[in-house]
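> Need a 3D model of the following:
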Amino acid sequence: MGRVAPTATSGGITARSVGPLYWAGLWMIDLVSLGWLALRSILRFHASPDIRILVYHDIADLPPSDDPLRISTSPGLFEQQIRFLRDQGYRFLSVEEAAACIADGKIPKRGIVVTFDDAHASILTAAALVLKRYAVPATLFVPVGWIGEARFPWIRPGNGFSRPMTWDELGRLAGEVNLEIGSHTMTHQPLHILSRAEQESELDRSRRVLEERLGRPVRVFAYPFGGWDTFPRDLYPLLQAHGYVAACTNVMGANHAGTHRMALRRIRVGWCDSLWRFRLKLAGDYDWSDRARRILASLRSRDQVGVESLGNT
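The predicted structure is shown next:
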């Protein structure tokens, strides 16, 4: 299928180690977020209505050292979070429903979307049980070319992550859960680094294969990796031309009336998100973090350009 494993140099995975600096950085983000919560409470600031989209990956109980990117969530924590949403009266939507509400400017109170990226087998063996128990719909974004493979190439072998689903398992999941299926491309490469012909192929082939294998329309999409600068605006009409009505990023934040349906923001959830942090993320107290990362990355890039320029004088 011409698949190419994503790498750090292609805008994909970057290596991290879980040590004192790692924890210090995580706790610093927590402190700033708690400060923002306190400031909002003092000023009695009320945000405009929004829809929050959650993104999970592997529902597996892994030690932090095996998952420094925080893309796994234990089954127990996942159930605790879903039960909290159900008990608090959140209105569960599909991505397509959420995009329609945003386009119409009719934002429901406590609108929430549960999404999964990458089609890990644990979504069938662990997450589906919880989704059925609480009658919660979900959206699954599938990297089509890796279905049925022994493992995802961007995850180190032997560290506890579950493998990709098979086509039979994906069909079973679609029959057991109220599931919206979306494309996550064929090869899980960042679209912005590909040629236009490669982008067309990734979008078209993934949608057609999913529709043929599962017998249902595929109208929503998630950008691989999905960080800042991986979903430039020139991709939006291309997605629309290939039949997609909405696309999700991995930029933290809320979706308000007027948010572009091809750049929907999501809340990343992982093993670190105990219920108190999960609630702060839902309230928007961590939304600042991705903007800060983008500014810091821009400053570092500018400094590097300056150093290179001095080296060339």
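> Surely residue 201 and residue 186 touch.
Yes - between residue 201 and residue 186 there is a contact under Cβ atoms under 8 Å: 7.3 Å. Glycine gets a C-beta too; all of them are placed from N, C-alpha and C.
> Between the two, tell me which one has more neighbours.
Neighbour comparison, residue 201 and residue 186: the larger count goes to residue 186, with 23 against 16 (by other Cβ atoms under 10 Å).
> and the closest residue to the more buried one other than its chain neighbours, what are its phi and psi?
Excluding the flanking residues, the one nearest residue 186 by Cβ to Cβ, 6 or more residues apart in numbering is residue 145, at 4.2 Å. Dihedral pair for residue 145: phi -70, psi -20, per degrees, to the nearest 10.
> Can you report how many residues lie near residue 145?
Look at residue 145: counted by other Cβ under 10 Å, it has 22 neighbours.
> hang on, it packs against residue 187?
Yes - the criterion here is Cβ under 8 Å, and residue 145 meets it with residue 187 at 5.0 Å.
> before we move on, back to that, what's the spacing between the residue nearest to residue 186 and residue 189?
To residue 189, residue 145 is 10 Å away according to Cβ to Cβ, to the nearest Å.
> Residue 213 too?
For residue 213, the distance to residue 189 equals 21 Å [Cβ to Cβ].
> repeat for residue 234
Residue 234 is 17 Å from residue 189, by Cβ to Cβ.
> Compare neighbour counts for these two and give me the winner.
A direct count of neighbours by other Cβ under 10 Å for residue 234 and residue 189 places residue 189 higher, at 24 against 10.
> Thought residue 202 was touching that one, still the case?
Yes - the criterion here is Cβ under 8 Å, and residue 189 meets it with residue 202 at 7.2 Å.
> anything in contact with each of those two?
In terms of Cβ atoms under 8 Å, 6 or more residues apart in numbering, residue 189 and residue 202 are not both contacted by any residue.
> hey, where'd the strands end up in the stretch 101-250 of the chain?
Counting by DSSP state E, counting those that start in this stretch, one finds strands in the stretch 101-250 of the chain at the ranges 111-117, 138-142, 179-183, 220-222, 246-248.
> Just give the number of residues close to the nearest residue to residue 110 once chain neighbours are set aside.
The shortest distance from residue 110 to any non-neighbouring residue, by Cβ to Cβ, 6+ apart, is to residue 90 (4.5 Å). Counted with other Cβ under 10 Å, residues neighbouring residue 90 total 20.
> what about residue 90, distance to residue 184?
In terms of Cβ to Cβ, residue 90 sits 25 Å off from residue 184.
> where does this structure have low pLDDT?
Applying pLDDT under 70 to the chain picks out residues 1-15, 45-46, 297, 300-313.
> returning to that earlier point: now mean neighbour count and distance to residue 24 too, for the strands of the stretch 101-250 of the chain, in TSV please.
Compiled in TSV, the strands of the stretch 101-250 of the chain are given as follows (neighbours: other Cβ atoms under 10 Å; distance: least, Cβ to Cβ, whole Å):
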stretch	mean neighbour count	distance to residue 24
strand 111-117	25	28
strand 138-142	26	32
strand 179-183	25	36
strand 220-222	28	31
strand 246-248	28	30
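> I'd like these laid out as TSV, including distance to residue 74.
Listed next are those as TSV, based on distance: least, Cβ to Cβ, whole Å:
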stretch	distance to residue 74
strand 111-117	15
strand 138-142	17
strand 179-183	22
strand 220-222	23
strand 246-248	23
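> so which of those strands comes closest to residue 152?
strand 111-117 (10.7 Å; Cβ to Cβ).
> Report the distance from the closest one to the chain centre.
9 Å (Cα atoms, centre = their mean, to the nearest Å).
> same thing with stretch 37-44?
Centroid displacement of stretch 37-44 relative to its chain, using Cα atoms, centre = their mean, is 28 Å.
> Same check on stretch 225-234?
Relative to the chain's own centre, stretch 225-234 is displaced by 13 Å; criterion: Cα atoms, centre = their mean.
> How about it, which residues are buried there?
Under the neighbour-count criterion of 16 or more other Cβ atoms under 10 Å, stretch 225-234 has 225, 226, 227, 230, 231 buried.
> which one of the residues you listed is nearest residue 153?
Distance to residue 153 across the buried residues of stretch 225-234 (Cβ to Cβ) is lowest for residue 225, with 14.0 Å.
> how near is that closest one to residue 39?
The spacing between residue 225 and residue 39, counted by Cβ to Cβ, is 32 Å.
> hmm, back to that, contacting residues around the residue nearest to residue 110?
So residue 90 contacts 110, 111, 112 (Cβ under 8 Å, 6+ apart).
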